[in-house]
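Chemist: sequence-free structure coming up:
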């Protein structure tokens, strides 16, 4: 995969904005810049920049300290001292520091272990003159969800930090204050990526999170709505405090995103109700190979294709041309009748037509016996109604009639594991971590 200049420039832009805000807030010592640059370089060298498609990527890691400085520099939180902002800023930079991560969801214990075993970082943190135990408390408090066993275990770890630190030992009022600071950081952590852009960015971020957590597409909107409700209702006091410290346009970004996800959820429920009451039905169509596709048809498919998360868009640069390739297998899903609106499709072709990840060494490549199925594409709102399964089965039938012996594709690890035990007898060809979005094969 080639290096993405847009992603690289975004990292540079965020880094520069952070340093400008740090100076504006009186954090002028050179070690702040050194710490930030060291962290960026470390994560980039471990492929968590443009190559990594997950919510907790390098952009998120930089968005949190950026928003932390905006909140801290607003002067709207009267009991937030300059020292408090120093602690928040350092904790924000490191809150997801996991160059060795094996899953996208952060593990606070692993984050802190990485900080402690990195001798260079330990020296840099000591240079700031702050108490590392307090930084640990703030990072621990970003654990999510802050409920149940996770909360209990994390509170025990936090208490050990309080007992170790001379600042907080036997000082309940100090402990309460730093827990409050940690709560501020937790809200910033969970809202930063949604205040720094419009709904299109918010949906992109939600898809990254969904993909990294191996959610089925049908739950993306529902779980996003629940996520925002937890912030705005269960933690309304703190979320309101944090959001009011941000510029108006950022506040509007967040409230607009919350509203649009709620509207999408209502649309999903309406579609599901119509389907259950037979007010709409799905009609799968085997599109003839080699037949010239109209511009309108191609544009419709392309718009559905672009709703897929980025790693699921294979052959993106020549998608339109591939629709008219005589070797392309295409199945569409229409509403109500054969001429109805297209709401999804399954597409693929000979394995040799695809440049897959370099780690994959498929023994069947160049044998012309394997068809590759690209990820199923459906419009938002139509997942979870059996549409994806229908498209996949029709595609398998087409591939079989064309005398392919094998089919390969990508799917989440747990999905493939289920298929290994089904009649398909799927087998793993290559596993990818931390994505857990793996390459598999079945015999047709």
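Modeler: Happy to help now that I have it. A quick note: this is a predicted structure, and the numbers were derived from the prediction, not measured.
Chemist: Regarding this structure, what is its longest helix?
Modeler: Using DSSP state H, we find that the single longest helix of the chain is helix 248-276.
Chemist: So which other helices or strands are in contact with that helix?
Modeler: The contact analysis (3 or more CB pairs under 8 Å, 6 or more residues apart in numbering; DSSP states H and E) places helix 248-276 against helix 172-195, helix 199-212, helix 220-229, helix 236-244. Placement of C-beta: from N, CA and C, glycine included.
Chemist: Any chance of these in TSV with mean neighbour count and distance to residue 131 as columns?
Modeler: Output for these, formatted as TSV (neighbours: other CB atoms under 10 Å; distance: least, CB to CB, whole Å):
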stretch	mean neighbour count	distance to residue 131
helix 172-195	20	10
helix 199-212	20	32
helix 220-229	19	32
helix 236-244	16	24
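Chemist: Tabulate those in a markdown table, adding columns for distance to residue 335 and mean pLDDT.
Modeler: Formatted as a markdown table, the helices and strands packed on helix 248-276 follow (distance: least, CB to CB, whole Å; pLDDT from 0 to 100):
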| stretch | distance to residue 335 | mean pLDDT |
| --- | --- | --- |
| helix 172-195 | 32 | 97 |
| helix 199-212 | 23 | 89 |
| helix 220-229 | 20 | 95 |
| helix 236-244 | 39 | 97 |
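Chemist: Skipping its backbone neighbours, what lies nearest residue 165 in space?
Modeler: Nearest residue to residue 165, sequence neighbours excluded (CB to CB, 6 or more residues apart in numbering): residue 133, at 3.8 Å.
Chemist: For the one you found, grab the count of nearby residues.
Modeler: By other CB atoms under 10 Å, 19 other residues sit near residue 133.
Chemist: Quick check: it touching residue 158?
Modeler: No - at 9.7 Å, residue 133 does not count as touching residue 158 under the criterion of CB atoms under 8 Å.
Chemist: Look at residue 413 and report its pLDDT.
Modeler: Listed pLDDT for residue 413 reads 92.
Chemist: show me what contacts it?
Modeler: Contact analysis of residue 413 by CB atoms under 8 Å, 6 or more residues apart in numbering lists 214, 431, 436-438.
Chemist: again, only this time at 6 Å
Modeler: Neighbouring residues of residue 413 by CB atoms under 6 Å, 6 or more residues apart in numbering: 436, 438.
Chemist: gap between it and residue 293?
Modeler: 34 Å (CB to CB, to the nearest Å).
Chemist: Phi and psi next, for residue 336.
Modeler: Dihedral angles of residue 336 (phi, psi; degrees, to the nearest 10) stand at phi 70, psi -40.
Chemist: Give me the pLDDT for it.
Modeler: You'll see residue 336 listed with a pLDDT of 94.
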